[in-house]
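A.B. asks: Give me a model of this one.
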Amino acid sequence: MKLYVARHAETNYNLDELCNDSPLVNVYLTEKGIEQGKILGINLKDVPIDLIITSEFPRTKETARLVNEYHNVPTIEDKRINDVLTGFEGRPVDEFRAARNNADNKWTVRLNGGESFEDEKARVKAFLDDLKKRPEATILIVTHQAISRIIYAIIKNIPNERVNELAVDNTHFIEYDF
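C.D. replies: Alright, predicted model coming up:
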């Protein structure tokens, strides 16, 4: 199976560097984000995509819709590739990162009712395990920066300490033989 993993296009929360834990919060693609989504669609237009999977967040679904204008394939959502539940909804990303990094164990700490890195990794691993059972030859996943990094780490067997080294800009995508 060919797997393409893309980060969603730019949002208003990206500009303000805020955490977003809930798909119900009004986070939307910026004008630049819409253009990025269109460019991602152009960049993937010749890829024979059979299925698109998104998180539950509107920003991933809107990015996928822009790409799917070139494919017209089924799109499904899976909450296991939702963004990390930080416990810092609407607060600066730097606050979340500092709190996690300053914890006794940054891999297992759950902040403000959020999930730990290990929780996040386990749900993404379960998603990938189920993905292997799918019949499609080529799947596009539109998700979030943290989830893109975790997918990379799981597939490439990268240790936790190196996960954040991967640069994942808006609409950046990686192709895998999965």
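A.B. asks: what about the helix or strand hosting residue 100, average pLDDT?
C.D. replies: Secondary structure here is read from DSSP states H and E; on that basis residue 100 sits in helix 93-101. Computed over helix 93-101, the mean pLDDT rounds to 96.
A.B. asks: residues of it that come out buried?
C.D. replies: By 16 or more other C-beta atoms under 10 Å, the buried positions in helix 93-101 come out as 93, 96, 99, 100. To be clear about C-beta, it is placed using only N, CA and C from the backbone, and glycine gets the same treatment.
A.B. asks: Please tell me I have it right and the third one contacts residue 111.
C.D. replies: It stands for residue 99. Yes - with contact defined as C-beta atoms under 8 Å, residue 99 reaches residue 111; the gap is 5.3 Å.
A.B. asks: Name the residues contacting each of the two.
C.D. replies: Here residue 99 and residue 111 have residue 88 as joint contacts, going by C-beta atoms under 8 Å, 6 or more residues apart in numbering.
A.B. asks: sorry, back to before: for the helix holding residue 100, which outside residues touch it?
C.D. replies: Here helix 93-101 has contacts from 17, 18, 19, 86, 87, 88, 106, 109, 111, 117, using C-beta under 8 Å, 6+ apart.
A.B. asks: count of residues packed around the first one?
C.D. replies: Using other C-beta atoms under 10 Å, the number of residues around residue 17 comes to 11.
A.B. asks: residue contacts, it?
C.D. replies: 92, 93, 94.
A.B. asks: Specify which member of the residues you listed is nearest to residue 58.
C.D. replies: residue 93 (18.7 Å; C-beta to C-beta).
A.B. asks: Please report the distance of that closest one from residue 79.
C.D. replies: 21 Å (C-beta to C-beta, to the nearest Å).
A.B. asks: picking that back up, so can I have a markdown table of the buried residues of helix 93-101 showing distance to residue 56?
C.D. replies: Formatted as a markdown table, the buried residues of helix 93-101 follow (distance: C-beta to C-beta, whole Å):
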| residue | distance to residue 56 |
| --- | --- |
| 93 | 20 |
| 96 | 20 |
| 99 | 24 |
| 100 | 23 |
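A.B. asks: just to revisit the earlier point, in helices, which of the contacts of helix 93-101 appear?
C.D. replies: residue 117 (DSSP state H).
A.B. asks: In PyMOL, how would I select just the buried ones from the contacts of helix 93-101?
C.D. replies: To isolate the buried subset of these in PyMOL, counting by 16+ other C-beta under 10 Å, use the following:
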select buried, resi 18+19+86+87+88+109+111+117
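A.B. asks: and which of the contacts of helix 93-101 is nearest residue 32?
C.D. replies: Ranked by distance to residue 32 (C-beta to C-beta), the contacts of helix 93-101 are led by residue 17 at 15.2 Å.
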